[in-house]
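# Kindly return the folded structure for what I paste below:
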Amino acid sequence: MKLWAKNSVVAVSRYWYFMGKLRKIKKASGEIIHVQEVTERSCSRIRNFAIWIRYNSRSGIHNMYKEYRGTSLVHAVNQMYAEMASRHMADFSRIHIVKTAEISNEQVKRDHTLQFIDDDVKFPLKRHNIKKDAQDKTLFSLSRPVTYGW
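Here you go, the predicted structure:
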């Protein structure tokens, strides 16, 4: 069973929560032998990840499918937790990750992920501070400096 938690204490607590729901096993009748953090081998390229979640909101229980781009699955899950906290006011304890998968570029469905798949994506600089030479600098200026445009 894969669990997403901040530390081993939270992971053990989530494990017993899910085992109680899945198999009707209590903490008194079981024992955890080993807790290990799973790391990914290569994190040098950007990949697409799909995350299926179930979360409790103030109005009920909802299922969701989310897509993220990141260098690792841990990075994508952190993006998901941040987005769910900001958009849906759902904290860590209300979110249950059902399934995660790495998906190819052809399997991407969401528009906000599709716009960054192309190879020639460019990010223009919106603001540019123009530096003056040391001899042209004055101590006081009559107008504010222009930081936009070229």
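# Look up how far residue 74 lies from residue 22.
Distance of residue 22 to residue 74, given as CB to CB, to the nearest Å: 24 Å. Quick note: C-beta positions are derived from backbone N, CA and C, even for glycine.
# do residue 94 as well
Here the distance between residue 94 and residue 74 works out to 20 Å (CB to CB).
# So between residue 22 and residue 74, which is more surrounded?
residue 74 (16 against 9; other CB atoms under 10 Å).
# correct me, but the more buried one touches residue 37?
No. Applying CB atoms under 8 Å, one finds residue 74 not in contact with residue 37, separated by 9.6 Å.
# For this structure, which segments count as helices?
Counting by DSSP state H, residue ranges of the helices within the chain are 8-22, 73-88, 111-114.
# Tell me the buried residues in the second one?
Under the neighbour-count criterion of 16 or more other CB atoms under 10 Å, helix 73-88 has 73, 74, 75, 76, 77, 79, 80, 81, 84 buried.
# Closest one of those to residue 45?
The closest of the buried residues of helix 73-88 to residue 45 turns out to be residue 75 (CB to CB; 12.2 Å).
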